[in-house]
Structure formats: structure tokens, C-alpha cells
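Novice: A structural model of the following input is requested.
(one chain, ligands or ions: 2)
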Amino acid sequence: MAELHFFTGTMDSGKSTLALQTNHNHAARGRVGRIFTTHDRAGAAVVSSRLGLTHEALEVDGEFDFWAYVVDTLTRGGRIDYLVCDEAQFYTSEQIDQLAKVVDELQIDVFAFGILTDFRTLLFPGSARLVELADRMNVLQVEALCWCGKRATHNARTENGAMVVEGEVIVVGDVDQVDEPPADVAYEVLCRQHHRRRLTAARAKAVSLAPEPLPFG
Ligand SMILES: Nc1ncnc2c1ncn2[C@@H]1O[C@H](COP(=O)(O)OP(=O)(O)O)[C@@H](O)[C@H]1O
Ligand SMILES: Cc1cn([C@H]2C[C@H](O)[C@@H](COP(=O)(O)O)O2)c(=O)[nH]c1=O
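Specialist: Numbering: from 1, shown residues only. Ligands and ions are numbered 1, 2, ... in the order given. Next up, the predicted model:
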């Protein structure tokens, strides 16, 4: 039986790497798949992992119809055994419904990968629909860590080094590897407590370096 799988984790937890490994393992056994993505950091129509792997992909825009694409391919005599869908948080909920229909009606496996929540801690529409519909939901085992050492559960956005909680939902960006100078827009994974307190690594460092207040007489 085909299944709709949803693999989720924070940014930098290895989702794109796993997406490419999944494709590799299925292709190595002669299965024929298609890889989809949208808004990848490396540009249009490519899946890129921080481990250095990249693979060409089909770019999904808001109008793309998975059901129509698959039916059209099969009708023309093409073969599709599975779909790998990266950055699935950005897909519309209608597109996730189409993926579920592809699984149920055409017996094609779908492997979707994406972050659950945005920089405000709210569910992305695509991820919310995947949680509602997936046969299997898997949280990635490689844990991204908060600067405090706890498991990172949330994605923070920084603008010029300061954490923000308002703005456009979709802003392509990376986890900042260097703090000097801070990027215009960057992301940092944090535990819930430090996301709530807006305590990024840079701010925690600045606070710890602040001079001790003078004791009151
Ligand atoms: N230089 C490195 N050496 C070993 N592992 C690395 C290195 N750089 C990144 N990684 C691994 O790659 C993961 C990020 O993979 P990626 O597929 O790009 O994540 P995601 O798609 O979830 O954002 C990191 O969590 C880390 O485990
Ligand atoms: C939290 C958050 C993230 N994004 C963007 C930033 C990256 O381009 C992708 C996530 O990619 P990854 O492979 O999981 O690292 O999403 C965004 O647009 N809005 C957000 O709130």
C-alpha cells in the first residue's frame, strides 16, 4: 500500500539530506520518482542539502497541480512510483490534498519534508494539512540544538542580529553561521524557552558579557 509520509524537524535538522537519500535509495532499486521543491535557498528547481548534495527538481508554484501532473504523465505512458517533496511547508493545503489523492487513487508513495512552524511559532498551512492527512509523521532523529544545549524545537528569525516576531511568512534564508557582521535576515534554531524569551545566542553572549551591576550600599 502506498503511503503519505511527512518528515519534519527544525531548520538544519537534515530534511533535505534525507529527501535526497530517500530518492537515491528508491532510484537505486529501479523505482522511478520525481523530486519537487519550492523556494530552496540554492535557487529555483533544485534541492540542496548543507552536506553538499544537490539534485535538480521540479519547482512548485502556487498554481501547480500534483494530481494533474501525475495523471498527465501516466496518461502519456510515463512511469512514476514515488514523489519526493521538499520544502513542503510552503505548499498550499490544496496541494497537500492533491498529494493524498495521488497516494490513495494511484498507489504512488509520497515522501514530504518540511518544517512545522514559522518564525512566529505558527503552523505553516502546508505542514498543518500534512499533520492532518499523513499516514506517517516522522520527526527527524538528528536533533538540531539550541545554543543552551537543549533540543531546538523552534525556528527564530533575526534581522540585523535581532530576533523578530513580525513580518512576511516566507523569507528564504539560512541559519547564520557567523555572528559578525549579522546577516540582514537569518534564522536560528532555539528551544521553546529561549524562543519565548527572544534569547538568541548573540543576545545571550551580550548579556553574559555585560558588566556586573554595582552593589547597592
Ligand atoms: N560540515 C558538516 N559536517 C557534518 N554534518 C554537517 C555539516 N554541515 C551540515 N551538516 C549536517 O547537515 C544537517 C543539515 O542538513 P540539511 O539537509 O541541509 O537540513 P534541513 O533541510 O533540515 O535544513 C545539519 O543538522 C548537520 O547534521
Ligand atoms: C522559520 C521560517 C523559515 N523560512 C524559510 C527559511 C528557509 O529558506 C526555509 C527552511 O529551509 P530548511 O531547509 O528547513 O533549512 O524556510 C521562512 O520562509 N519562514 C519562516 O518563518
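Novice: shaky segments in this protein?
Specialist: Scanning the chain for pLDDT under 70 picks out 178-179, 213, 217.
Novice: Next, work out how far apart Ala112 and ligand 1 are.
Specialist: Applying CB to the nearest ligand atom, to the nearest Å, the value for Ala112 to ligand 1 is 13 Å. Where C-beta positions appear, they are placed from N, C-alpha and C, glycine not excepted.
Novice: Would you mark the buried spots in the helix or strand hosting that residue?
Specialist: Using DSSP states H and E, Ala112 falls within strand 109-114. Across strand 109-114, burial judged by 16 or more other CB atoms under 10 Å covers Asp109, Val110, Phe111, Ala112, Phe113, Gly114.
Novice: and the chain, which residues reach ligand 1?
Specialist: Within the chain, the residues that sit near ligand 1 (CB under 6 Å from any ligand atom) are 9, 11-17, 49-51, 142, 144.
Novice: so can I have JSON lines of those showing distance to Ala27?
Specialist: Formatted as JSON lines, the residues of the chain next to ligand 1 follow (distance: CB to CB, whole Å):
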{"residue": "Gly9", "distance to Ala27": "23"}
{"residue": "Met11", "distance to Ala27": "26"}
{"residue": "Asp12", "distance to Ala27": "25"}
{"residue": "Ser13", "distance to Ala27": "23"}
{"residue": "Gly14", "distance to Ala27": "19"}
{"residue": "Lys15", "distance to Ala27": "19"}
{"residue": "Ser16", "distance to Ala27": "16"}
{"residue": "Thr17", "distance to Ala27": "16"}
{"residue": "Ser49", "distance to Ala27": "16"}
{"residue": "Arg50", "distance to Ala27": "22"}
{"residue": "Leu51", "distance to Ala27": "18"}
{"residue": "Val142", "distance to Ala27": "23"}
{"residue": "Ala144", "distance to Ala27": "28"}
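Novice: Dump stretch 101-112 to PDB, keeping only the CA atoms.
Specialist: Extracted C-alpha coordinates of stretch 101-112, given in PDB (Å, rounded to 0.1, in the frame of the first residue of the first chain):
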ATOM      1  CA  LYS A 101      -5.200  11.700  -3.600                       C
ATOM      2  CA  VAL A 102      -2.200  10.600  -5.600                       C
ATOM      3  CA  VAL A 103      -1.400   8.200  -2.800                       C
ATOM      4  CA  ASP A 104      -4.900   6.800  -2.400                       C
ATOM      5  CA  GLU A 105      -6.100   6.700  -6.000                       C
ATOM      6  CA  LEU A 106      -2.800   5.900  -7.900                       C
ATOM      7  CA  GLN A 107      -0.900   3.900  -5.300                       C
ATOM      8  CA  ILE A 108       2.100   6.200  -5.600                       C
ATOM      9  CA  ASP A 109       4.300   6.800  -2.400                       C
ATOM     10  CA  VAL A 110       4.800  10.400  -1.400                       C
ATOM     11  CA  PHE A 111       7.700  11.500   0.900                       C
ATOM     12  CA  ALA A 112       7.200  15.100   2.100                       C
END
